[in-house]
Structure formats: structure tokens, C-alpha cells
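*Asks:* test case, fold it:
(chains A, B and C)
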Amino acid sequence: MNRPSLWEALRGVVRRDLLLAMRRRSDVVMSVFFLVIVASLFPLGVGPEPAVLRTIGAGVLWVAALLACLLSLGRVFTADYLDGVLEQMVLIAQPLPVLVVGKVFAHWIVSGLPVVLLSPLLGLQFGLDGEALGVLVLSLLLGTPTLSMIGAIGAALVLGVRGSGLLVALLVLPLYVPVLIFGAGAVTSSMAGIGGEANLSLLGACLVLSLFFSPWATAAALRIALE
Amino acid sequence: MNWSKYSAPLAFYPLAGKMIPWFSAVAALAIAVGLYIGLLVAPTDFQQGDSYRIIFVHVPAAWMSMFLYVVMAIWAGVGMGLNARLSFMMAQAIAPTGAMFTFLALLTGAMWGKPTWGAWWVWDARLTSELILLFQYAGVMLLRTSIDDLRRADRASGVLALVGVVNIPIIYFSVKWWNTLHQGASVSMTAAPKMATIMLTAMLLMTFGFWMYSIAVILSRVRCVILERESQPAWGNPSAAPEVAEAR
Amino acid sequence: MYWGSVSEFLAMGGYGLYVWTSFIATALGITWEVLALWRRRAAALADSRGIVRSIE
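*Replies:* Residues are numbered from 1 along each chain as shown, chains lettered A, B, ... in the order given. The predicted structure follows:
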């Protein structure tokens, strides 16, 4: 029997997770719905003043995206942990970090990408205009994969722990702070006329850094959870 | 003398017990002299008046909070690299002291900020990083207490502590750039004039005192941790019994 | 000695509230930690079933 290559293994993991997610579509719909509701609560809370909404818009959408990502983190590993698939993944010959990248990518497609696609619409609700909308979409496109990568570490650490839903939020939110600052900062600085490039490249740097470190940390956390 | 035998918790226990009084005495002396110089001998600052005296607790507490986090992460890393139980116990013992100093740094910072800037809190890079540091200490301690299996609790909180070490400098710089990108620098904490020697002496003495205090408290706490763990009947560690015999 | 009188010392040039809150909070924090440790040690010793006597 010849061993599948790394690339094939990665694709296999992604395809399997996407297939599973498609079978339970309500989960995906729920996190998108959550994002829309949270974003709509803010204008009701702070009042319909267009100038105020424009200033807080980027920050609110970013916080909402962060919370939506957090809500879906439990889905990354829990089902596989409970039915024993995760143990098989640790044991097979393919390196665990590569499989982790596959699972996180699938998680991003299911929970991050809808947020990115929906953000222009929500941005319009907050009165963001042409260029700021573009920067918002771009910042979310760069930032949400980072959120998934970092979140995977937390999700792996709390596997099978009591009260894991709340715990993962406490562990992961402090680690999300830089992404939030750069992401929301890109939009506000482009609105202020300085251009969002500096913040966007910092977001890119965060993405590269998390792509490099997080799979190893997640793999280590998974091994700890399974031993 | 063979130092490696002290990596066994039950062999380290009496050694720690012998060191605690010395560190406590040095800590008490340094803090007493530091307080004497700082509160009684040092003159008033011509810019800030006497409110600057908060520096003698604020800066040492802030330094210790960051230093202890790094030390905690190093012990956790050593524990994972060498599979050493005592290292994880040290990491566990450091966290509460570090969290307390972080809290004190935030509290005294607010006490200093109100008279100096007119606000209890500003979203400055240092303040924000210190706040996130407190959250990270809390996260490490919470993760440990929510996992029942000790071996897993040690390792999981160790991974979190190590990830957090990367996060703190990133947060510091992100807030710094965030402030400079689109906010006029309303507050500058770096513009303080050079400190007089006598003030610096008092501050360094207090820092040294806090450092020695931390060592004494951490050693004392690690002794509690050793006792608690070794006396757990259900703790499936086959090497525990020979260690007791050896230590006799 | 820098201060002229005790009341001057306590007033801290008008910043007494802030300065003394800081120092007292720090002292309370340290006292609390030491007391908590003392109690934890007593509890651990009570539960240890004589391990200490065997090693010390």
C-alpha cells in the first residue's frame, strides 16, 4: 500500500471536514446569523446617529467577527475527539501539524469565509463607503484565517474539559487582541485618509506568524489531550 | 555535591524549606530600607510633587509581573522538554504571585495616573499589555484548575503560557502603533526627566526586595504543591515511593 | 530626613490619598498572599498523613 503524499492528506482532511459541515448546515447558518444579530444590536444600543455609527462600525464588525469565530471553535476538534477519529490522526504516518492545517482551513471556509462575504453588507448598515468597505473586506480576509489558526490552539487545549465553551473564550480572546487592533485599525485609518496599507501588512505578518507557529502548538496540545 | 537529585520533588522539599527564611529576611530588609529611603529620605519631585512616590511600589510590581510570567513559561518549557515534574510545580507556584503583582501594578498605576494625567486609565501600550497579562495569568490558572488529570493540566497550561510569551510583545507594539497611527499622543510616559540617584536607589532596592519576596513565597507555595500532590492516594505515580525512601 | 512634621508626611504634598492607597494596597496584597499560603500549608500538612515527618 503506498502512502498518500502530504498534499493528498491535507486535501483529504479538508474534503472530509467540509463534507461533514455540509451535512449539518444549521451550524454554519447559526454562526452567520449570530454575526448579523450582534452587528444589528449595536445601532439599537448606541442610537441611530450616522456619524457615530461610521466611527464605531469597523470595530463593531471586527468584534462581531471575533465572537462568531469563537462560537464555532468548539466544532473544530470536538466531534473527532468524541468518536475517536482524532486518535487515529495522531497515530497515522502523516505529520499531525499538516492535518491540523487542513482542519483549520476547513473551519475557516465554514465560519470565516461567510463572515468575509457578508461584511460589505453589514458595513453598509454602518454607513461605511467605497474604499473603507474594500479595506474592511480585505482586512477580514487576512484576519479571519489568523483567528482560526490561534483559536485552534485554544480549542485543542480545552478538549474534553468541563465548561470548555466559556474557558476557550477566556484563553483565546487575549490572544486575539493584536488581530483586532490591526484589523479595525486598517479600516479606521483608511477612513481617516492615511490609508490602511500599514495595518494590512501587519495583519499579513500576523497571518504568516500564526501559520508558522500555531499548527505545531495545536498539534502539541492535541497530543497532550489524547495521551 | 550532586545537584540533580534535587529535581525530585520530595528531595527538593527540605532544601526549599531551608532557603525560605534566608530569602524572606533579605526581602524584609531590602523592602524596609527601600521604604525608608523612598518615603522619608528622598526629596519631592519638582514636576510631579509627592505623587511620584508611587513609583516605589508601581515600577517594581510591574517589573516583577512581566519577569515572573517569563520565568513561569521557562519552567513550563523545561518541564515539557525534560519531562520534569518539579518544573511544572514551579510554574504552578509562580502563577498566583505573578497575577498578584500584575493586579498591584494596574491598581497603583491607576492611583498614579489620576493625579498625573487626570484619568484613572488610558489605553496606552504599557497599560493595555499589563491588562492582557493579567488575563493571561488568569487563563493559565483557570486552565490548570479545570483539568483534573495532573499530568495533562501541567502540560496544557504550559503550552498556553508559552504561547502567551509570544503574545505580550506583539500586543505591546500593536497598541503602540495603534496609538501613533491615529491618535495624537495625549500622554507621554517616556518624557519623564532623568531620575535622581537617591530615587533610583530606593526603586532598585524595592525591586530587589519584591524579587526576593517572590522567591520566598514561590518556594513556600511549591512546598504546598509538593505536599498536596504527593499525598494524593489516587495519584498513579510509581516513582513516588522510592523517592520517599531515598529522602530518608 | 526630608519631612518637617508627621502631618506633612501623611499629606504627601496633597497626594496623600493616592500615595497611601498604593502603598497600603501593596501591603495588603502581600499580607493576604502570605496568610493564604500559611493556611494552604496547614491544610496540606493536615492531609499529608505524615509524609513530612518521613522526609525532614
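*Asks:* where does chain B have low pLDDT?
*Replies:* B:1-3, B:179-195, B:233-248 (pLDDT under 70).
*Asks:* get me the contact residues on chain A for chain B.
*Replies:* For chain A, the residues in contact with chain B (CB under 8 Å from any CB of the partner chain) are A:153, A:157-158, A:161-164, A:167, A:170-171, A:173-175, A:177-178, A:181-182, A:185, A:188-189, A:192, A:194, A:198-199, A:202, A:206, A:213, A:217, A:220-221, A:224-225, A:227. C-betas here are computed from N, CA, C, even on glycine.
*Asks:* show me what counts as buried in the helix ranked longest in chain C.
*Replies:* When chain C is parsed with DSSP state H, its longest helix is helix C:16-47. Buried positions in helix C:16-47, judged by neighbour count with 16 or more other CB atoms under 10 Å in any protein chain shown: C:16, C:18-23, C:25-26, C:29-30, C:33, C:37, C:40-41, C:44-45.
*Asks:* of the residues of chain A next to chain B, grab the buried ones for ChimeraX.
*Replies:* A single ChimeraX command selects the buried members of those (16+ other CB under 10 Å):
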select /A:153,157,158,161,164,167,170,171,173,174,175,177,178,181,182,185,188,189,199,202,206,213,217,220,221,224,225
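*Asks:* just to be sure, which of the residues of chain A next to chain B are found in strands?
*Replies:* With DSSP state E as the criterion, strands contain none of those.
*Asks:* now, the residues of chain A next to chain B that are in helices?
*Replies:* Short answer: these in helices (DSSP H) are A:153, A:157, A:164, A:167, A:170-171, A:173-175, A:177-178, A:181-182, A:185, A:188-189, A:198-199, A:202, A:206, A:213, A:217, A:220-221, A:224-225.
*Asks:* what is the burial count for B:M199?
*Replies:* 20 (other CB atoms under 10 Å in any protein chain shown).
*Asks:* can I take it that it is in a helix?
*Replies:* Yes - applying DSSP: H, G, I helix; E, B strand; the rest coil, one finds B:M199 inside a helix.
*Asks:* what sits against it?
*Replies:* B:G38, B:A42, B:D45, B:Y52, B:I55 (CB atoms under 8 Å, 6 or more residues apart in numbering or on different chains).
*Asks:* check which helices and strands the longest helix of chain C sits against.
*Replies:* Applying 3 or more CB pairs under 8 Å, 6 or more residues apart in numbering or on different chains; DSSP states H and E, we find helix C:16-47 packed against helix B:55-82, helix B:85-117, helix B:197-230.
*Asks:* quick one: buried residues of the last one?
*Replies:* Spelled out, that is helix B:197-230. Applying 16+ other CB under 10 Å to helix B:197-230 flags B:199, B:201-203, B:205-230 as buried.
*Asks:* kindly report the same for the second one.
*Replies:* Applying a neighbour-count criterion of 16+ other CB under 10 Å, the buried positions in helix B:85-117 are B:85-116.
*Asks:* and what of the first one?
*Replies:* Within helix B:55-82, the residues that count as buried by 16+ other CB under 10 Å are B:55-69, B:71-80.
*Asks:* do that helix and chain C meet at all?
*Replies:* Yes - on the criterion CB under 8 Å from any CB, helix B:55-82 is in touch with chain C at B:V57, B:H58, B:A61.
*Asks:* got a list of contacts for stretch B:59-70?
*Replies:* B:94, B:97-98, B:101-102, B:104-105, B:108-109, B:126, B:130, B:133, B:136-137, B:161, B:164-165, B:168, B:203, B:206-207, B:209-211, B:214, C:26.
*Asks:* Three-state assignment for A:E8, please.
*Replies:* Classified using three-state DSSP, A:E8 is helix.
*Asks:* measure how buried it is and give me the count.
*Replies:* A:E8: 11 neighbours (other CB under 10 Å).
*Asks:* please tell me how far it sits from A:T218.
*Replies:* A:E8 sits 21 Å away from A:T218, taking CB to CB, to the nearest Å as the criterion.
*Asks:* where are the low-confidence patches of the chain?
*Replies:* Unless you meant another one, I'm taking chain A. A:1-3.
*Asks:* wait, chain C
*Replies:* Looking at chain C by pLDDT under 70, you get C:1, C:49-56.
*Asks:* need the contact list for the residue nearest the centre of it.
*Replies:* The centroid of chain C falls nearest to C:T31 when counting by CA atoms, centre = their mean (2.3 Å). Listed by CB under 8 Å, 6+ apart, the contact set of C:T31 is empty.
*Asks:* could you do B:V159 as well?
*Replies:* A:I153, A:L157, A:A217, A:A220, A:A221, A:I224, B:A76, B:M80.
*Asks:* output the residues of helix B:55-82 next to chain C in a markdown table, with distance to A:V85 appended to each entry.
*Replies:* Formatted as a markdown table, those follow (distance: CB to CB, whole Å):
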| residue | distance to A:V85 |
| --- | --- |
| B:V57 | 53 |
| B:H58 | 51 |
| B:A61 | 48 |
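*Asks:* closest one of those residues to A:S72?
*Replies:* B:A61 (38.6 Å; CB to CB).
*Asks:* how far away is the closest one from A:V60?
*Replies:* Taking CB to CB, one finds B:A61 at 35 Å from A:V60.
*Asks:* coming back round to it: out of the helices and strands packed on helix C:16-47, flag the one nearest B:A11.
*Replies:* helix B:85-117 (9.1 Å).
*Asks:* that closest one - contacts with which helices or strands?
*Replies:* Judged by 3+ CB pairs under 8 Å, 6+ apart, the packing partners of helix B:85-117 are helix B:9-35, helix B:55-82, helix B:125-146, helix B:150-182, helix B:197-230, helix C:16-47.
*Asks:* measure stretch A:70-87 end to end?
*Replies:* Taking CA to CA, to the nearest Å, stretch A:70-87 runs 24 Å from one end to the other.
*Asks:* could I get the contacts of B:V159 as a markdown table with distance to A:V29?
*Replies:* Below are the contacts of B:V159 laid out as a markdown table (distance: CB to CB, whole Å):
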| residue | distance to A:V29 |
| --- | --- |
| A:I153 | 26 |
| A:L157 | 28 |
| A:A217 | 31 |
| A:A220 | 33 |
| A:A221 | 29 |
| A:I224 | 33 |
| B:A76 | 40 |
| B:M80 | 40 |
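*Asks:* re earlier: now, the contacts of B:M199 that are in strands?
*Replies:* Among these, no member lies in strands (by DSSP E).
*Asks:* pick out the most distant pair among these.
*Replies:* B:G38 and B:D45, at 11.8 Å, using CB to CB across the contacts of B:M199.
*Asks:* which one's more surrounded, the two?
*Replies:* Applying other CB under 10 Å to B:G38 and B:D45 shows that B:G38 carries more neighbours, namely 23 against 18.
*Asks:* A:I92 and chain C, how far apart?
*Replies:* Going from A:I92 to chain C by CB to the nearest CB, to the nearest Å gives 44 Å.
*Asks:* tell me how many other residues surround that residue.
*Replies:* 13.
*Asks:* likewise for the one 4 residues further on?
*Replies:* For A:L96, the number of neighbouring residues by other CB under 10 Å comes to 19.
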